[in-house]
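> Sequence first, then the predicted structure, then my questions.
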Amino acid sequence: MEKMMTPSQKEQFLRQDDYLFNKRLSRSSSCCLVCNDEVCVSRFHRACEDGRSDLVGQFLEFCRDPDCRVLETDDSPLHLTLYHDRKSSTELLLRAGADPNLANSIGWTPLHALANRDGGDDEDDTTRTFFKILAQRGKEVAVDARDDLGRTPLECAVASLKPNVVDALLEHGRADLANFRFPRQVYFSKWLRRSVGESRLCLVLRAASGMMAVMERLKRHGYPFDHAKVLFILKLSGLHGLFNAPPEANERWHEDERFQRFAKTIAIRGLTLHALLHTRAEDATKLVSYEEYARLAKSPGFAELPEECQTACAKHLCAKLTRKFFLAWATECLMRVAPSEMSQEVKLQLCERMLKPFRNAILYHVCLAAERGLLRELAMFEEMKIDEVKLDSLFSRNKIVQD
């Protein structure tokens, strides 16, 4: 369609869009996630949803309202472009004057749609572009608006494990950390259900790396993690299989010939997957960021790994990438019950030395023992060790792992 139209062509163009057609929405067809309901969607909305920026531009040029809603869901065009990550169409709508604060039928503003967007990609700067254009327009954004479940966009971004969105909301949107409520487990579970189509290997790695990256971002911006929140994160991590130690020496999955062939072709920051698997956790932490683990999980070659090796590989990498987090918090817990006459430096060195031999599951138990006031009787500083016999007995008896 040419840019210049005769009056009759323009009338026909707009009349076509005014025709609303019924479309049964799939789970990912609207940010309201209204499954199995008949919802009227205009052709303009479909263009926004599909990222057809050429058509979106034409609709806007010929007087289509940038804030017209989807019937029944009340989604605005901005809800649709942000939820489906259509950056070019989002820019067109914002420059055409779209309202960034309209709420849909479940209380989502466009920022909620962005924080909950379909799929797990978090690579682009859509959020920063959003704030940049609105700043140029002098438009205020309700960055801390709460949806019908009481969640802010920041809380949704944390639950969706989107560290770059978290960063942008805090840096450019000035989201309020003082009233931030750490999401409950059910919201993280919703993200996992939405990702059900992914392979177990990809999902576990993305969940682990996303969780660690989000925690890193919140801490960088001054969010105070108390012991209860850390225990919640550690416990939640257990749902993804992160407590499993790297394979024992007698497990030979990593020596599988097909696995090695594929692993040597998959690159991650100058290393191959094969080399990363043989790198110590302490060194891997310095060489590979959490985001790079997420990119590794989404790389084309990753899906080609032999299926029988995928689970073991995922557990190994998850144990490796979360090691720093587990060790840091277990060390902090142990330092609290160290003899008071020790200097902080000596305490730190001693506690780290005591905890380094343990796998993540034991480090989690150490944190839990501290919460329940049991750690002092389990830590023997004179012998520089944790009483593992008492620890195993205590947690087996109370079924802590299933807690």
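Received, thanks. Numbers count the residues shown, from 1 in each chain.
> and the longest helix along the chain, how far out from the chain's middle?
Counting residues, the longest helix found in the chain (DSSP state H) is helix 200-220. The chain centre lies 6 Å from the centre of helix 200-220; the measure is CA atoms, centre = their mean, to the nearest Å.
> So which bits of it are buried?
201-218 (16 or more other CB atoms under 10 Å). C-beta coordinates here come from the backbone N, C-alpha and C atoms, glycine included.
> go on, stretch 45-63?
Neighbour-count burial for stretch 45-63 [16+ other CB under 10 Å]: 45-49, 51-53, 55-60.
> And the helices in the stretch 301-403 of the chain?
307-321, 323-336, 344-355, 360-371, 375-378, 388-397 (DSSP state H, counting those that start in this stretch).
> and the angle for the longest one with helix 200-220?
Angle of helix 307-321 versus helix 200-220, following axes from the mean of the first three to the mean of the last three CA atoms, to 10 degrees, is 10 degrees.
> how about the strands of this protein, start to end?
Taking DSSP state E, the strands of the chain run over residues 21-24, 38-41, 267-268, 271-272, 379-380, 385-386.
> Low-confidence stretches in this protein?
1-41, 63, 118-124, 186, 189-201, 237-251, 395-403 (pLDDT under 70).
> Please report the distance of the residue positioned nearest the centre of it from residue 374.
The residue lying closest to the centre of the chain (CA atoms, centre = their mean) is residue 161, at 1.2 Å. To residue 374, residue 161 is 32 Å away according to CB to CB, to the nearest Å.
> picking up where we left off before, most packed of the helices of the stretch 301-403 of the chain?
helix 360-371 (a mean of 22; mean count of other CB atoms under 10 Å).
> What helices and strands are in contact with that helix?
In this structure, helix 360-371 makes packing contacts with helix 227-239, helix 323-336, helix 375-378, helix 388-397, judged by 3 or more CB pairs under 8 Å, 6 or more residues apart in numbering; DSSP states H and E.
> what do you get if the cut-off is 10 Å, keeping everything else the same?
helix 227-239, helix 307-321, helix 323-336, helix 344-355, helix 375-378, strand 379-380, strand 385-386, helix 388-397 (3 or more CB pairs under 10 Å, 6 or more residues apart in numbering; DSSP states H and E).
> need the ones you listed in a markdown table with distance to residue 87, can you?
Shown next, in a markdown table, are the helices and strands packed on helix 360-371 (distance: least, CB to CB, whole Å):
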| stretch | distance to residue 87 |
| --- | --- |
| helix 227-239 | 31 |
| helix 307-321 | 29 |
| helix 323-336 | 32 |
| helix 344-355 | 44 |
| helix 375-378 | 49 |
| strand 379-380 | 52 |
| strand 385-386 | 51 |
| helix 388-397 | 48 |
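> mind checking which of the ones you listed is nearest residue 137?
The closest of those to residue 137 is helix 227-239. By CB to CB, the value is 37.0 Å.
> for the helices and strands packed on helix 360-371, which one sits closest to residue 68?
Going by CB to CB, the one of the helices and strands packed on helix 360-371 nearest residue 68 is helix 227-239, 39.9 Å.
> Could you list every helix and strand in contact with the closest one?
helix 185-194, helix 200-220, helix 323-336, helix 360-371.
> Relative to residue 293, which of these is closest?
helix 200-220 (3.9 Å).
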